[in-house]
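>>> After the sequence you'll find the predicted model.
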Amino acid sequence: MKQVVQNYKSGELAVLDVPVPGCKPGGVLVRSAYSLISTGTELMKVSEAGMSMLSKARSRPDQVAKVMQSVATNGVPATYRKVMGKLDSYTPLGYSLCGVVEQVGAGIDDVKAGDLVACAGNEHALHAELNWVPKNLYTPVPDGLAPRHAAFGTVGSIAMQGVRQGEPQLGEVALVIGLGLIGQLVVQLLGASGVRVVGADPDPARCELAERLGAAACGDPASAAVETAVAELTDGHGVDQVYLAAGGGSNQPVELAARLCRDRGRVVDIGKCRLDLPWNAYYEKELDVRFSRSYGPGRYDPEYELEGRDYPIGYVRWTERRNLACFLDLVARGRVDVEPLVSHVADFDDAVETYRRLKDGDLKAVAVLFRYPEQPEETAEGAKEKGEAQAPSVSVPAVRRGEAAAAPARAATSPVRLAFVGAGNYATSMLLPHLAQRDGVELSTVVTTTALSAANAQRKFGFAEATTDLDAVLGDTSIDAVFVATRHSSHAELTRRALLAGKTVFVEKPLALTEDELAGVLAAVEESGNDRLQVGFNRRFAPLLTEAKQRFGARTGPASLRYLVNAGQLQHGSWYLRQGTEGSRFEGEGGHFVDTASWLLDADPVSVYAVAPSGNEDLQIVLRYPDGSTAAISYVTTGAPGFPKETLDLVADGKVLRLDDFVRASVYGRKRWVSSRLPRARDKGQNAELAAFVKAVRTGGPMPVPVESLVATTAATLAVRGALASGAPVTLERAR
């Protein structure tokens, strides 16, 4: 396997091939998915390795003292050989990662092979493809938490232990000095504890980031901005706690802490900065200076870390492992957001170059992650079957058509007889008004679960019959097509039954809420031979967008598409919010936007990547297509209500197509085309879509959209959930 190492004597960094660690009792063998570079601790170690021998000695007086003691005990020659031998050897880097359990050692019963775990320890959570991790230094990752986010577990525990040492209380004010990785996490943990935070850092970008993540105010410690903010928030009394999360040789942090802390306040040292305490300032305020030891109680205790002896919870509430689990829980619940801290994700094979760029300042970063190969190699022994981490992928089911039953003969001049299953708001406002006015269409039967809604639809739109008996409709051979316009959770099953009954089916989006539901629909197609199916993806039929695509013309190179959907907030109590039964909001509506992008790009996506900010339902989704084209869909609920719902830009071959919420469209190229503003309400294509569907039913011709495209869009929409959970692109593999 491969591991990142450093020679402390020469400063050389390398990715070496090393033996696979054995899976000892009392721990697990973990295959890394993501590991985190601590841009403070690790870079300090990397920088020290590049110093001269004299500079190294000056930077580590504790080690010099040990050498002098060895000289007194063992003599100069023996000590020299010992020191040179230790310096001229490779040492590991890394201490925070997330990976998949590959093998379980004796005595471990809380995880199994294939489980996702977060791991800690500068001897066990290394930048390596495989690590053996003892029981008290790993914890299972909560369901739904992306591996790249779980990789922050150890540094999160360091920040959490520092905050615990400060004993914050609701309503207090704290000052965080140093807004690097640990400082940014301290800011968020204090905010989650009900504490208002002022940040101090000379880097304006880090100050801005901390304010985005919840700090009340931030500024350069050398300026008056920090003191002004503290005075305003504390009525001039000073902050209750100061957290020193800075590094370096300056004594400014401890002096600033004394100046801005209130009488008998607490100063907690988390980082490694100079601590020449100004005696008078600390004495006069009787400041309580505390140190935070790494991840929490248990750190540096071999009986706890290596032998797995836990501390009783009644005596030690928060141990290393409990801090690790607590931090992951906060991230999983959206109380702490680590995604904005990720400045760069590098492939593990590029580790040496990544460290060089960080050390030289070419790469400015708060947090950097190593991403490990998606297809892990077999271990050296290779004889045992192990649960390996697989690259996220889903199979797009193949559409197989069995032998179709003979369709009832219908006269070309006879009206198309339609039945509606469901008559809710969308059906009665966006579908039925178009169909009720269309020549050659007969609204035969409306089926609802409540008699009154069926009667209302019959009265308003002129259905010949109203019923609550679905079986009677599916068994009526005179009905040509069935519309499924019910709640999302019933779409797949009703579609399946209607296909098996030999009906042409129009189902409103979504076609299915799970991969199993989608497979059930396709099984009905294969069993019946009936592939006469349309899903209500209406935007590809919108006249304005259709004309814009025609004006844009053919393209020769890859395209970039940006689609902003300002979805807005739903009213309290809306059934769309019932995710347990009706799926997520994007699963219900997102197929519209995936289908529109795929139609504009004339292809089906091959991979899906998605991220979501914590605390809201906003999604950022990137679809990749076979020719290299990409579509970025921003599905947001936190935008301004007055902003248009849908704006779209398509760029390729020196041309740009722009759509402004189905009101205006334009194309920029050798010639410019701009549509006239529509005089009436936005036309999102429902009328044209229904016309195409009715024509296909009447003539028996091809359906408006091939079933394969409907399946691909549905599979891509469902893959967003997996992409969010894994934190990695999900490959859409076409089944054969």
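That came through fine.
>>> All the strands of the stretch 151-300 of the chain, residue numbers only.
Applying DSSP state E, counting those that start in this stretch to the stretch 151-300 of the chain gives strands spanning 173-177, 196-200, 217-219, 239-244, 261-269, 288-291.
>>> can you list these in a markdown table and add mean neighbour count and distance to Ala567?
C-beta here means a position set from N, CA and C on the backbone, and glycine is covered the same way. A markdown table is the format used below for those (neighbours: other C-beta atoms under 10 Å; distance: least, C-beta to C-beta, whole Å):
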| stretch | mean neighbour count | distance to Ala567 |
| --- | --- | --- |
| strand 173-177 | 28 | 35 |
| strand 196-200 | 28 | 32 |
| strand 217-219 | 21 | 32 |
| strand 239-244 | 28 | 38 |
| strand 261-269 | 20 | 42 |
| strand 288-291 | 14 | 47 |
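>>> Can I get those in CSV including distance to Ser726 and mean pLDDT?
Formatted as CSV, the strands of the stretch 151-300 of the chain follow (distance: least, C-beta to C-beta, whole Å; pLDDT from 0 to 100):
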stretch, distance to Ser726, mean pLDDT
strand 173-177, 32, 98
strand 196-200, 32, 98
strand 217-219, 33, 97
strand 239-244, 33, 98
strand 261-269, 36, 97
strand 288-291, 38, 96
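>>> Leu432: which of these is closest?
The minimum distance between Leu432 and the strands of the stretch 151-300 of the chain falls on strand 196-200, with 54.4 Å, by C-beta to C-beta.
>>> any idea how far that closest one is from the chain center?
Distance, stretch centre to chain centre, for strand 196-200: 27 Å (C-alpha atoms, centre = their mean, to the nearest Å).
>>> do stretch 257-270 as well
37 Å.
>>> Stretch 326-335 now?
14 Å.
>>> What is the subsequent helix or strand relative to the helix or strand that contains His434?
His434 belongs to helix 432-436 when assigned by DSSP states H and E. Going down the chain from helix 432-436, the next helix or strand is strand 441-447, by DSSP H and E.
>>> Alpha carbons of that next one, in CSV - could you do that?
Output in CSV follows, covering the C-alpha atoms of strand 441-447 (Å, rounded to 0.1, in the frame of the first residue of the first chain):
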residue,chain,number,x,y,z
VAL,A,441,-60.5,14.3,-26.5
GLU,A,442,-63.2,12.8,-24.2
LEU,A,443,-62.7,13.0,-20.5
SER,A,444,-64.1,9.6,-19.6
THR,A,445,-63.6,8.9,-15.9
VAL,A,446,-62.0,10.6,-12.9
VAL,A,447,-60.8,8.5,-10.0
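>>> Tell me the helix or strand right after that strand.
Taking DSSP H and E, what comes next after strand 441-447 is helix 451-461.
>>> Name the residues of that following helix that are buried.
Going by neighbour count (16 or more other C-beta atoms under 10 Å), the buried part of helix 451-461 is 453-454, 456-458, 461.
>>> now, among those residues, which is nearest to Glu208?
Nearest to Glu208 out of the buried residues of helix 451-461 is Ser453 (C-beta to C-beta; 52.7 Å).
>>> Distance check, the closest one against Ala118.
Distance, Ser453 to Ala118, by C-beta to C-beta, to the nearest Å: 50 Å.
>>> closest to Ala523 among the buried residues of helix 451-461?
The closest of the buried residues of helix 451-461, once distances to Ala523 are taken by C-beta to C-beta, is Ala454, at 29.9 Å.
>>> OK, contacts around that closest one?
423, 446-448, 466-468 (C-beta atoms under 8 Å, 6 or more residues apart in numbering).
>>> And the strands in the stretch 351-500 of the chain, which stretches?
367-371, 393-396, 416-421, 441-447, 465-467, 481-484.
>>> can you redo the ones you listed as CSV with distance to Gly156?
Conversion of the strands of the stretch 351-500 of the chain to CSV gives the following (distance: least, C-beta to C-beta, whole Å):
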stretch, distance to Gly156
strand 367-371, 11
strand 393-396, 29
strand 416-421, 50
strand 441-447, 53
strand 465-467, 58
strand 481-484, 46
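>>> Just say which of these is most tucked in.
Across these, averaging neighbours per residue (mean count of other C-beta atoms under 10 Å) puts strand 481-484 on top, at a mean of 26.
>>> Tell me the helices and strands packed up against it.
Counting contacts by 3 or more C-beta pairs under 8 Å, 6 or more residues apart in numbering; DSSP states H and E, strand 481-484 is packed against strand 416-421, helix 491-500, strand 504-507.
>>> hey, what's Val100 bridged with?
Beta bridges link Val100 to Arg31, Leu116 when assigned by DSSP bridges.
>>> Tell me the confidence at it?
pLDDT for Val100: 96.
>>> what sits against the residue lying closest to Thr428 once chain neighbours are set aside?
Sequence neighbours aside, Ala457 is the residue nearest to Thr428 in space, at 6.5 Å (criterion: C-beta to C-beta, 6 or more residues apart in numbering). By C-beta under 8 Å, 6+ apart, the contact list for Ala457 reads 420, 423, 427-428, 432, 446, 448, 463, 466.
>>> again, but for Val473
Val473 neighbours (C-beta under 8 Å, 6+ apart): 419, 421, 445, 447, 467, 479, 482.
>>> What's the separation between the last one and Val18?
The one in question is Val482. From Val482 to Val18 the distance is 63 Å (C-beta to C-beta).
>>> quick revisit: okay, the helices and strands packed on strand 481-484, which one's buried deepest?
Mean neighbours per residue, mean count of other C-beta under 10 Å, is largest over these for strand 504-507, with a mean of 26.
>>> just checking, what packs against that strand?
Against strand 504-507 (3+ C-beta pairs under 8 Å, 6+ apart) you get strand 481-484, helix 491-500, strand 533-535, helix 686-699.
>>> TSV please, covering the ones you listed and showing mean pLDDT and distance to Tyr300.
Formatted as TSV, the helices and strands packed on strand 504-507 follow (pLDDT from 0 to 100; distance: least, C-beta to C-beta, whole Å):
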stretch	mean pLDDT	distance to Tyr300
strand 481-484	96	63
helix 491-500	95	55
strand 533-535	96	60
helix 686-699	95	67
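>>> now those as a markdown table including distance to Glu508?
Converted to a markdown table, the helices and strands packed on strand 504-507 look like this (distance: least, C-beta to C-beta, whole Å):
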| stretch | distance to Glu508 |
| --- | --- |
| strand 481-484 | 7 |
| helix 491-500 | 7 |
| strand 533-535 | 8 |
| helix 686-699 | 10 |
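>>> Restricting to C-alpha, output stretch 471-480 in PDB.
Extracted in PDB, the C-alpha atoms of stretch 471-480 (Å, rounded to 0.1, in the frame of the first residue of the first chain):
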ATOM      1  CA  ASP A 471     -59.900  -1.400 -10.800                       C
ATOM      2  CA  ALA A 472     -63.000  -0.500 -12.800                       C
ATOM      3  CA  VAL A 473     -61.100   2.100 -14.800                       C
ATOM      4  CA  LEU A 474     -58.100  -0.200 -15.500                       C
ATOM      5  CA  GLY A 475     -60.500  -2.900 -16.600                       C
ATOM      6  CA  ASP A 476     -62.400  -0.600 -19.000                       C
ATOM      7  CA  THR A 477     -61.200  -1.500 -22.500                       C
ATOM      8  CA  SER A 478     -62.700   1.700 -23.900                       C
ATOM      9  CA  ILE A 479     -60.300   3.900 -22.100                       C
ATOM     10  CA  ASP A 480     -57.200   4.700 -24.200                       C
END
